[in-house]
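Colleague: No sequence on hand, only this structure:
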């Protein structure tokens, strides 16, 4: 009797109802059972099985007693059967990861930009947009009931702009070396403003160099401005250099010229086998490096006119180069010897001086705007210093720091005040090189690649990887700005225009 009972237990078929596992309405496994096996959610039929690690599952839902849905990775799955799945839901739910949704709405219109028609095409589906915080990383997710159609990390590198009047947010994503642009039109202005606040603050909080209090001010400023991509009125900015480039195409009435153009082959021009690398523009001439050679071009009303080529005059490979002493020489930094500046005499066509500075040079520039005949300012990881070519030691004064600030780039005003950027994206303003900076302006958390200033120092433009950052500073750099720091203006291309530059 006992043996018969045991035989019946082990020979009894699995009476659980079979179901269907699908992803975006596409069947992955049919006639399958669902079970929790150790740390995995297992789906299995007679020939195949698939499993999902429970701790990586999110958004577990029991939509109806016989339908279980969940998200794994960036995909949504659904399991349908005729059996009540409450028992499996109660087992799994305490084990899954919980996410912090800081914003969610379904009251919006989602559009995708089509470059061919130059129009945004609406997507005719009901969707939900969510902003998710997970371990101080922020994500934007757009999903339908069946699928996740958009998922990306929110960072300061995101290209976006907003239109308060139309309650519209537009942004672009780079994928496979192509830009894709999307738009969301919010039906309720309050929800648009809430999304804007959460999204912009997420971009800054995601930065490793984030300054949350300062970023809250920036968020409010961008909301008030309405379009973070667009600059304001800066009519007081004067053209500091009236002798700028003028394209030959700007004047279609120019008389034809018998001289060969700089775009045409010329035996005196550099060999075309190598590529142009550095471009340096002086008051009268422009200089282009190709390998070890330098091409010299005149600045004319019709653009650049080829003058001469200095072959094999560079020692090493220049990473930066600036004109010096009224463009009679060039000061350049060798990529392979970053402790030494080299002086190239253009008349002699050779390097005549090597200035060893006993430190890694990150950047250097004239100590006064539009005056290349005096001293230079240099930057290293630990110091800001003045370079005087007339002295034996070359460094005549400096401000050293014990902390590794990683000063990356800077520029000087006409009066010799200096703006210096570090790797964290912060900006320091100096009125004297050998003293502490009078002001520290927090950036947006991204590294600044280049700094330029107007002659009076009022406007400072910083180049970051994906945008420009504009500061407006009232007064000179002699007095500390204090707590009332200027909010930087973030300048970018409109996202729908990015598709044309790839």
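Modeller: Perfect, thanks for sending it. Given the structure is predicted, the values throughout are model-derived calculations rather than measurements.

Colleague: Quick check: chain neighbours aside, which residue is closest to residue 84?
Modeller: Spatially, and ignoring its direct neighbours in sequence, residue 84 is nearest to residue 65 (4.6 Å; CB to CB, 6 or more residues apart in numbering). C-beta coordinates here come from the backbone N, C-alpha and C atoms, glycine included.

Colleague: give me phi/psi at the one you found?
Modeller: Main-chain dihedrals, residue 65, degrees, to the nearest 10: phi -50, psi -20.

Colleague: ok, now residue 92?
Modeller: Dihedral pair for residue 92: phi -80, psi -40, per degrees, to the nearest 10.

Colleague: What of residue 94?
Modeller: Backbone torsions of residue 94, given as degrees, to the nearest 10, read phi -70, psi -20.

Colleague: which secondary structure elements does the longest strand anywhere in the chain contact?
Modeller: When the chain is parsed with DSSP state E, its longest strand is strand 26-37. In terms of contacts (3 or more CB pairs under 8 Å, 6 or more residues apart in numbering; DSSP states H and E), strand 26-37 is packed against strand 19-23, strand 40-44, strand 49-53, helix 86-92.

Colleague: The same query, at a cut-off of 7 Å, please.
Modeller: If you count contacts as 3 or more CB pairs under 7 Å, 6 or more residues apart in numbering; DSSP states H and E, strand 26-37 packs onto strand 19-23, strand 40-44, helix 86-92.

Colleague: In its sheet, which strands sit next to it, and in what direction?
Modeller: Looking at strand 26-37 with DSSP bridges, its partner strands are strand 19-23 (antiparallel), strand 40-44 (antiparallel).

Colleague: Can you list the buried residues in the first one?
Modeller: It refers to strand 19-23. The neighbour-count check on strand 19-23 (16 or more other CB atoms under 10 Å) flags 19-22 as buried.

Colleague: quick one: which of the residues you listed is nearest residue 471?
Modeller: Closest to residue 471 out of the buried residues of strand 19-23 is residue 22 (53.4 Å), distances taken as CB to CB.

Colleague: nearest to residue 113, of the helices and strands packed on strand 26-37?
Modeller: With CB to CB as the criterion, residue 113 lies closest to strand 19-23 of the helices and strands packed on strand 26-37, at 27.1 Å.

Colleague: I'd like the average pLDDT over the closest one.
Modeller: Mean pLDDT, strand 19-23: 94.

Colleague: how would you label residue 196: helix, strand or coil?
Modeller: helix (DSSP: H, G, I helix; E, B strand; the rest coil).

Colleague: where does it land on pLDDT?
Modeller: 90.

Colleague: how near is it to residue 161?
Modeller: Residue 196 sits at a distance of 11 Å from residue 161 (criterion: CB to CB, to the nearest Å).

Colleague: swap in residue 489?
Modeller: 13 Å.

Colleague: mind checking which helix or strand residue 63 is in?
Modeller: Element membership for residue 63 (DSSP states H and E) is strand 57-64.

Colleague: quick one: the next helix or strand after that strand to chain centroid distance?
Modeller: Sequence-wise, the next helix or strand downstream of strand 57-64 (DSSP H and E) is strand 67-72. Distance of strand 67-72 from the chain centroid (CA atoms, centre = their mean, to the nearest Å) equals 35 Å.

Colleague: related to what we said a few turns ago, pick out the shakiest of the helices and strands packed on strand 26-37, pLDDT-wise.
Modeller: helix 86-92 (a mean of 90).

Colleague: And the contacts of that one?
Modeller: 34, 36, 41, 54, 60, 62, 65, 68 (CB atoms under 7 Å, 6 or more residues apart in numbering).

Colleague: Tell me if I'm right that the first one and residue 43 touch.
Modeller: Same thing as residue 34. Yes. Using CB atoms under 7 Å, residue 34 makes contact with residue 43 at a distance of 5.7 Å.

Colleague: which residues are common contacts for the two?
Modeller: Taking CB under 7 Å, 6+ apart as the contact rule, residue 34 and residue 43 both touch residue 79.

Colleague: helix/strand/coil for the residue most central in space within the chain?
Modeller: The centroid of the chain falls nearest to residue 157 when counting by CA atoms, centre = their mean (3.1 Å). Under the three-state scheme (three-state DSSP), residue 157 adopts coil.

Colleague: Show the contacting residues for it.
Modeller: When contacts are counted by CB under 7 Å, 6+ apart, residue 157 is found next to 465-466.

Colleague: quick one: the helices in the stretch 51-200 of the chain?
Modeller: For the stretch 51-200 of the chain, applying DSSP state H, counting those that start in this stretch gives helices covering 86-92, 189-205.

Colleague: Tell me which of those sits most buried.
Modeller: helix 189-205 (a mean of 19; mean count of other CB atoms under 10 Å).

Colleague: Can you mark which positions in the helix or strand residue 461 falls within are buried?
Modeller: Using DSSP H and E, residue 461 sits within strand 459-463. Neighbour counts over strand 459-463 (16+ other CB under 10 Å) mark 459-462 as buried.

Colleague: mind listing what the residue nearest to residue 417 when sequence neighbours are not counted touches?
Modeller: When the adjacent residues along the chain are set aside, residue 417 lies closest to residue 477, with 4.1 Å between them (CB to CB, 6+ apart). Contacts for residue 477 (CB under 7 Å, 6+ apart) come out as 417, 429-431, 438-439, 457.
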